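Participant: Sequence first, predicted coordinates after that:
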Amino acid sequence: MAKVYATGRRKSAIAKVWLEVGTGEITVNGVALNVWLGGHEALKKRVRQPLEVSKQLESVNIVAKTLGGGYSAQADALRHGISRALVAYDEQFRAIIKPHGLLTRDARVVERKKPGKRKARRSPQFSKR
C-alpha cells in the first residue's frame, strides 16, 4: 500500500499527514510524538484518538509536518489530518470515526480587533472625569 496524504486544520495551524502501513510510529516535524509534545499527556491522547477509535494504533506509521498557530492548535490539526488520512486509507473507518466528531473541521478562529476597542470586543475603561 502506498502512502496516503491528508491535510488537517485548526485555527491558523495546518498539519500535513502521510499515513502508511507500519508499526505505530508517529513522527511530527522530524521528531517522535513524545519529544514533540513533551509532557503534554492530554494533547498526546488527543492526537492518538483517531488511531485508538479505529484500532490502528499499532498498524500504521504517521509522518506529519505542522506549521502555524500554537502547539495545542497544531495537535488538533494533526488529529484532524490523521482522521482524514484514515478515511482515505480505508473508507470503512468513516463509520467508526465520524460519530466521534473527528472528521469535522473546528471552524472557530480568533475574532479580529475592531477600531476604538482594546481587543475584539473589550472597550476601554470608562472614566467620568
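Facilitator: Thanks, I have it. Numbering: from 1, shown residues only.

Participant: isn't there a strand covering residue 34?
Facilitator: No: applying DSSP: H, G, I helix; E, B strand; the rest coil, one finds residue 34 to be helix, outside a strand.

Participant: So which elements touch the helix or strand encompassing residue 7?
Facilitator: Using DSSP states H and E, residue 7 falls within strand 4-10. Other helices and strands packing on strand 4-10, by 3 or more CB pairs under 8 Å, 6 or more residues apart in numbering; DSSP states H and E, are strand 13-21, helix 71-89. (Glycine included, C-beta is placed from N, CA and C.)

Participant: so it versus strand 13-21, what angle?
Facilitator: 150 degrees (axes from the mean of the first three to the mean of the last three CA atoms, to 10 degrees).

Participant: quick one: strand 4-10 to helix 71-89, angle?
Facilitator: Per the same axes, to 10 degrees, the angle that strand 4-10 makes with helix 71-89 is 150 degrees.
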